[in-house]
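Participant: coords please:
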Amino acid sequence: MKRRIFLKGSVAASTLAVAAGAGLLSPTRVLAAAWPESAFGPRPEAEALEAFFGSSDVVESDEVSLKAPLQAENGAVVPIKVMTSLANVESIGVIVVKNPAPFTTGLEVMGGGAGAMYSARIKMGQTSPVNCYVKAGGKIYMTSQEIKVTVGGCGG
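Facilitator: Just a heads-up that it's a prediction; the model follows:
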């Protein structure tokens with residue numbers, strides 16, 4: 001290793017460490033929001049919706065779509081994609097009805113432009129309906145699809 005490269009790297013790393021230690025590098029815009037712990041866990045679907053979205057009043061909509069396999073070979077990794085053309089999307093949530101902890105994943109959307117897309121891999125313990133919720137313009141919209149699981153993923 002060349003001496004100059006080593007010295008430049010050492011000086012840069014120490015400068016960053018000192019700045020971070022002094023609190024000069026606190027990226028407040030990148031820090032995650034508070035985790036909605038009350039939405040996750042073994043609770044009914046309506047309670048999880050209330051905890052995550054602030055309401056459990058839901059309207060079925062064809063403007064929310066779920067792309068997922070009809071049959072998942074392995075419940076430990078089921079790929080899903082939630083898409084919507086609704087304007088002012090605030091958040092997206094996914095609930096697997098027959099899981100021990102139904103609320104599987106959620107996303108807060110910043111900026112609220114037109115439309116949104118969220119892709120994830122979820123765990124499913126057994127064949128179950130998967131409900132996808134999108135909060136846009138203060139209202140909660142949903143779509144649902146049943147996914148058949150041949151090998152369990154939630155402890156099975």
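Participant: count the neighbours of residue 74 for me.
Facilitator: For residue 74, the count of nearby residues is 13 (other CB atoms under 10 Å). (Each C-beta comes from the backbone N, C-alpha and C, glycine too.)
Participant: how about it, secondary structure?
Facilitator: Here residue 74 is coil, with the state taken from DSSP: H, G, I helix; E, B strand; the rest coil.
Participant: how much space is there between it and residue 94?
Facilitator: Remark: distance between residue 74 and residue 94 (CB to CB, to the nearest Å) = 18 Å.
Participant: do residue 5 as well
Facilitator: Counting by CB to CB, the gap between residue 5 and residue 94 amounts to 47 Å.
Participant: same check on residue 139?
Facilitator: Note on residue 139: its distance to residue 94, by CB to CB, is 18 Å.
Participant: if you count surrounding residues, which of these two has more?
Facilitator: residue 94 (21 against 16).
Participant: contacting residues for that one?
Facilitator: 80, 82, 103, 104, 105, 106, 120, 122, 130, 131, 132, 133 (CB atoms under 8 Å, 6 or more residues apart in numbering).
Participant: go on, residue 39?
Facilitator: Contacts of residue 39 by CB under 8 Å, 6+ apart are 48, 51, 52, 93, 103, 106.
Participant: restricted to helices, list those.
Facilitator: Members of these lying in helices (criterion: DSSP state H): 48, 51, 52.
Participant: tell me the predicted confidence for the last one.
Facilitator: With respect to pLDDT, residue 52 scores 87.
Participant: how far away is it from residue 101?
Facilitator: 13 Å.
Participant: more neighbours: which of the two?
Facilitator: Counted by other CB under 10 Å, residue 52 and residue 101 do not tie: residue 52 has more neighbours, with 23 against 16.
Participant: state the distance from that one to residue 41.
Facilitator: Residue 52 is 12 Å from residue 41, where distance means CB to CB.
Participant: with just CA atoms, put the helix or strand bottoming out on mean pLDDT in the chain into PDB.
Facilitator: Of all helical and strand segments in the chain, the minimum by mean pLDDT, DSSP states H and E falls on helix 3-21, at a mean of 76. C-alpha atoms of helix 3-21 as PDB (Å, rounded to 0.1, in the frame of the first residue of the first chain):
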ATOM      1  CA  ARG A   3       2.100   5.700   2.100                       C
ATOM      2  CA  ARG A   4       0.200   8.700   0.800                       C
ATOM      3  CA  ILE A   5      -3.000   6.800   0.200                       C
ATOM      4  CA  PHE A   6      -2.800   5.300   3.700                       C
ATOM      5  CA  LEU A   7      -2.200   8.700   5.300                       C
ATOM      6  CA  LYS A   8      -5.100  10.400   3.300                       C
ATOM      7  CA  GLY A   9      -7.500   7.600   4.300                       C
ATOM      8  CA  SER A  10      -6.400   7.800   8.000                       C
ATOM      9  CA  VAL A  11      -6.800  11.500   8.200                       C
ATOM     10  CA  ALA A  12     -10.200  11.400   6.400                       C
ATOM     11  CA  ALA A  13     -11.500   8.600   8.700                       C
ATOM     12  CA  SER A  14     -10.400  10.400  11.900                       C
ATOM     13  CA  THR A  15     -11.900  13.600  10.700                       C
ATOM     14  CA  LEU A  16     -15.300  11.900  10.100                       C
ATOM     15  CA  ALA A  17     -15.100  10.100  13.500                       C
ATOM     16  CA  VAL A  18     -14.400  13.400  15.400                       C
ATOM     17  CA  ALA A  19     -17.200  15.200  13.500                       C
ATOM     18  CA  ALA A  20     -19.700  12.300  14.200                       C
ATOM     19  CA  GLY A  21     -18.600  12.200  17.900                       C
END
